[in-house]
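**Q** Using only what follows, build the 3D model:
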Amino acid sequence: MKYKNQALIILVTIIVSVYLLSFFSLNDQNVLSLLESELKYCEILKTNGEKFWLICNGRPFYAEYDGELKYEMNGWSFLKETQYWSELEDCNLYSYDNLIGFLCIPSLEDAKIKYFEFDRNSFSLEKSYESNFYDIAKEDLSSVYPFLENCSINDYSGDIKGLLERGSYMSLVFSCDEKIYEVKLNLEVVFPPGTFESLNEDEKSNLFFKSFNKEGTIEDGFVYGNFDFGRFGIKYGEGQGGPQFKTEAVSIFNVIDDIGLKFIPCLKNSDTTLIKEETILDPDISGKKYWFRTDSCGIIKAYLVEEDLLAFERIHEGFYG
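**A** Next up is the predicted model:
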């Protein structure tokens, strides 16, 4: 009888273990599937019951699952439990590659990026250093617009949250060669230098060449250049509504691959994969939206409206989406 009881206990233990493994495996798959449906491509680093610590689109992400997926602050709520929350709560994500950089703007004059090392095993941060935001911005912009490298930033303007809130921008004014170039940007997109400025035809053509290394031809107010994917054009100086961009291309993927980095600089060293395509459902507008998964910029979105009007947007992975 003693051996029968022991065998029964072992059998029940095995059954329960298999059930629990199946249950947690199912929960894992549910969490990953639900996040993917929200265009968050994740791997689970560790779990504890209903708690999940993940890497999603290349950056840390914390979620809970009790039959319903829950997360706060776009997955960054775990920062509240760290020693750094008091200095990061008014910041937002700037970059995430070898280090995670958080942009903090207590004032336009004191904008900084604070860099942290992330430990995947302990899911913890350790502060590395901080830098002046304008130095980093110049470095990032010069990497895709090389002519700005020899310029200096002599002015900046905008709301102090101009980089942190959707639909608002910060303006950086570069000065070099006795010329002024304005760049407007936020954490989702960069507008090419001078696109908001009033320029004469020679200035438009010269700036287009400096920006894209292509000869520009002016037609109907647009400056067009010939690229491998087809023609691309900019309408400079269109005021607060923003400049217009046009493309004549067979494949939106080729446009992203060739000039996407001019609007989203982190695409410079990134591979892209088209993951979703959708028709714009608006009776007054014909067009399509495209989502791309990248290995260094998370998810980016492109719009092609009325067959040739073009726009880009990075899906921001920061505290507030």
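
**Q** Let me see the ranges of the helices in this structure.
**A** 2-37, 85-88, 133-144, 201-212, 252-259 (DSSP state H).

**Q** which residues sit in contact with the closest residue in space to G221 that isn't next to it in sequence?
**A** Leaving aside its sequence neighbours, G221 sits nearest to K235 (Cβ to Cβ, 6 or more residues apart in numbering; 5.3 Å). (Each C-beta comes from the backbone N, C-alpha and C, glycine too.) Contacts for K235 (Cβ atoms under 8 Å, 6 or more residues apart in numbering) come out as G221, F222, V223, P243, Q244, F245, K246.

**Q** Neighbour count and pLDDT added to those residues, as JSON lines?
**A** Shown next, in JSON lines, are those (neighbours: other Cβ atoms under 10 Å; pLDDT from 0 to 100):
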{"residue": "G221", "neighbour count": "14", "pLDDT": "88"}
{"residue": "F222", "neighbour count": "20", "pLDDT": "93"}
{"residue": "V223", "neighbour count": "25", "pLDDT": "95"}
{"residue": "P243", "neighbour count": "18", "pLDDT": "83"}
{"residue": "Q244", "neighbour count": "17", "pLDDT": "89"}
{"residue": "F245", "neighbour count": "23", "pLDDT": "93"}
{"residue": "K246", "neighbour count": "20", "pLDDT": "91"}
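
**Q** could those go into TSV alongside distance to E139?
**A** Compiled in TSV, those are given as follows (distance: Cβ to Cβ, whole Å):
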residue	distance to E139
G221	33
F222	30
V223	27
P243	24
Q244	29
F245	25
K246	30
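
**Q** with those residues in mind, which one is nearest to Y169?
**A** P243 (12.1 Å; Cβ to Cβ).

**Q** What distance do you get for that closest one to L199?
**A** Computed with Cβ to Cβ, to the nearest Å, the distance linking P243 and L199 is 11 Å.

**Q** overlap in contacts of those two?
**A** Counting by Cβ under 8 Å, 6+ apart, the residues touching both P243 and L199 are Y236, G237.

**Q** partners of A311 in the sheet?
**A** Y303 (DSSP bridges).

**Q** Check the gap between it and S86 for me.
**A** Here A311 is placed at a distance of 37 Å from S86 (Cβ to Cβ).

**Q** More neighbours: which of these two?
**A** A311 (16 against 9; other Cβ atoms under 10 Å).

**Q** I300 is in contact with that one, correct?
**A** No. With contact defined as Cβ atoms under 8 Å, A311 does not count as touching I300 (11.2 Å).

**Q** Now do the contacts for D119.
**A** D119 touches L125, E126, counting by Cβ under 8 Å, 6+ apart.

**Q** who's it bridged to?
**A** In beta-bridge terms (that is, DSSP bridges), D119 pairs with S124.

**Q** cool, F102 as well?
**A** L93, K114.

**Q** Need the pLDDT of it.
**A** pLDDT recorded at F102 is 95.

**Q** Report the separation between it and Y94.
**A** Going from F102 to Y94 by Cβ to Cβ gives 6 Å.

**Q** Compare the two (neighbour count), which wins?
**A** Neighbour count, other Cβ under 10 Å: between F102 and Y94, F102 has more, with 26 against 22.

**Q** residues in contact with that one?
**A** By Cβ under 8 Å, 6+ apart, the residues touching F102 are L88, C91, N92, L93, Y94, I113, K114, Y115, F116.

**Q** how does it look with 6 Å?
**A** Neighbour list for F102: L88, C91, K114 [criterion: Cβ atoms under 6 Å, 6 or more residues apart in numbering].

**Q** about what we covered before: of all pairs in the contacts of K235, which one spans the longest distance?
**A** G221 and F245 (12.5 Å).

**Q** List the residues that contact the closest residue to S77 other than its chain neighbours.
**A** With sequence-adjacent residues excluded and distances taken as Cβ to Cβ, 6+ apart, S77 is closest to Y62, at 5.7 Å. The contact partners of Y62, by Cβ under 6 Å, 6+ apart, come to W53, G75, S77, F78.

**Q** now I256
**A** T272.

**Q** again, but for V173
**A** Applying Cβ under 6 Å, 6+ apart, the residues near V173 are N154, D155, E182.

**Q** Against S171, how distant is the nearest residue to it once chain neighbours are set aside?
**A** Distance criterion Cβ to Cβ, 6+ apart; nearest residue to V173, sequence neighbours excluded, is D155 at 3.9 Å. Between D155 and S171 the computed distance is 8 Å (Cβ to Cβ).
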